[in-house]
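Trainee: Dropping the sequence and predicted coords here.
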Amino acid sequence: MVQTEGAVAERRAAVGTNADATGPPDSSDTMASEAGPTITALHTAEQIEAAADLLWTVWGARTDAERSELITVGLLRTLCHSGNYVVGAYQHGRLVGCTVGMFGAQAGRPDHLHSYITGVYQPERNRGTGFALKRHQRRWALDRGLDTISWTYDPLVCRNGYFNLCKLGATVTDYRPDFYGRLDDGVNTNERTDRLLVEWDLRSEWVEQAMVGEPGAARRHARVVPGAELIVVPEDIELLRRTDRRRAQSERFAVRDRFLALFDDNYRVVGMTRNHEYVLLPAGLTPSYEP
């Protein structure tokens, strides 16, 4: 559904506070690095409950209704039991992030992983935890014969666009107005839930480069070439929602109209500029990038 190196926004960006959780289990699905977090599959009831609590906290789901709308312990347990993707990121034995995904099917057979939701506690957002989770997710999918991961994110949250398009190299495939309906949690604040759908080609040269070395080593920004169209989004839509709700709603509809009109004219998103503007090109034009 996932920003900067914190939560890769699937439903939305991840923000939050610290909380304690049980340490990581022994697992063949574990990936660790000297400086980064340990990423591991979650199995026990205690781990699943800690993951649910993390997601509720990060997304500001306070009431039972808000929590059940976001994710439930039972659903997490079912996804885990049925072989889907439920992992946690541990730092010094504490759960600081998690990601949930499930197998997706087209033409009647599972052929990709759909990443549903990611959450990372606020202090970990600029420490590479989100990048580490995506790197683990990619390896997990490849090990199961999948070449693509999909997810959605709010196009108004420019840090999510930067992370997904400039750092990970994901490709926008569609714009979905009000994809989840109204979500009244601490992040979505009962706003329209328009989303960009992206696909991540796990074997592309760019993605291969991005996954090697330091997080963000292969980041790149789109250049504005002749024939390009730009879509500008607010610098901080979350702040705008808190301070000027009417303007935030106007931004939603203006950005929606621009995306849908350009997509109808066969434009495609090729990336974002350093100023966090979406760059779209018509068919036949080749994009240009800068590091």
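Mentor: Good, I have the coordinates.
Trainee: pretty sure Gln137 belongs to a strand, no?
Mentor: No: assignment of Gln137 by DSSP: H, G, I helix; E, B strand; the rest coil gives helix, placing it outside any strand.
Trainee: outside of stretch 172-185, which residues touch it?
Mentor: By C-beta atoms under 8 Å, 6 or more residues apart in numbering, the surrounding residues in contact with stretch 172-185 are 1, 11, 59-61, 66, 69-70, 150, 152, 155, 165, 188, 190-199, 256, 259-260, 263, 268-269. Every residue, glycine included, has its C-beta placed from N, CA and C.
Trainee: what about Asn164, which SS state?
Mentor: Following three-state DSSP, the label given to Asn164 is helix.
Trainee: do Arg274 as well
Mentor: coil.
Trainee: these two touch, right, it and His221?
Mentor: Yes: here Arg274 reaches His221: they are 5.0 Å apart, a contact under C-beta atoms under 8 Å.
Trainee: Quick check on those two: which one has the bigger neighbour count.
Mentor: Neighbour totals were compared for Arg274 and His221, and His221 leads with 18 against 11 (other C-beta atoms under 10 Å).
Trainee: That one reaches Met272, doesn't it?
Mentor: Yes: look at His221 against Met272 with C-beta under 8 Å: they come within range, at 6.5 Å.
Trainee: Now for these two: what residues contact both?
Mentor: Shared contacts of His221 and Met272 (C-beta under 8 Å, 6+ apart): Cys166.
Trainee: Narrow the contacts of stretch 172-185 to just the buried residues.
Mentor: Neighbour counting with 16 or more other C-beta atoms under 10 Å marks 1, 11, 59-61, 66, 69-70, 150, 152, 155, 165, 188, 191-199, 256, 259, 268-269 as buried within the contacts of stretch 172-185.
Trainee: Let's see which of those end up in helices.
Mentor: Those of the buried ones among the contacts of stretch 172-185 mapping onto helices are Glu66, Glu69, Leu70, Arg256, Phe259, per DSSP state H.
Trainee: residue furthest from the geometric center of this protein?
Mentor: Relative to the centre of the chain, and counting by C-alpha atoms, centre = their mean, the farthest-placed residue is Pro226 at 30.3 Å.
Trainee: Just checking the distance from stretch 47-65 to the centre of its chain.
Mentor: Taking C-alpha atoms, centre = their mean, to the nearest Å, the mean C-alpha location of stretch 47-65 is offset from the chain mean by 17 Å.
Trainee: what do you get for stretch 108-116?
Mentor: Centroid separation for stretch 108-116 versus its chain: 16 Å, with C-alpha atoms, centre = their mean.
Trainee: For that stretch, buried residues please.
Mentor: His112, Leu113, His114, Ser115, Tyr116.
Trainee: can you list contacts of that stretch?
Mentor: By C-beta under 8 Å, 6+ apart, the surrounding residues in contact with stretch 108-116 are 1-2, 8, 10-11, 85, 99-106, 137, 140-141, 144, 146-151, 199.
Trainee: can I get the CA coordinates of that stretch in CSV?
Mentor: What follows is stretch 108-116, C-alpha atoms only, in CSV (Å, rounded to 0.1, in the frame of the first residue of the first chain):
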residue,chain,number,x,y,z
GLY,A,108,-5.4,-17.1,-12.5
ARG,A,109,-2.0,-17.9,-11.1
PRO,A,110,0.3,-16.3,-8.5
ASP,A,111,2.9,-14.3,-10.3
HIS,A,112,3.9,-11.4,-8.0
LEU,A,113,4.0,-10.3,-4.4
HIS,A,114,1.8,-7.4,-3.3
SER,A,115,3.2,-5.4,-0.5
TYR,A,116,0.2,-4.2,1.6
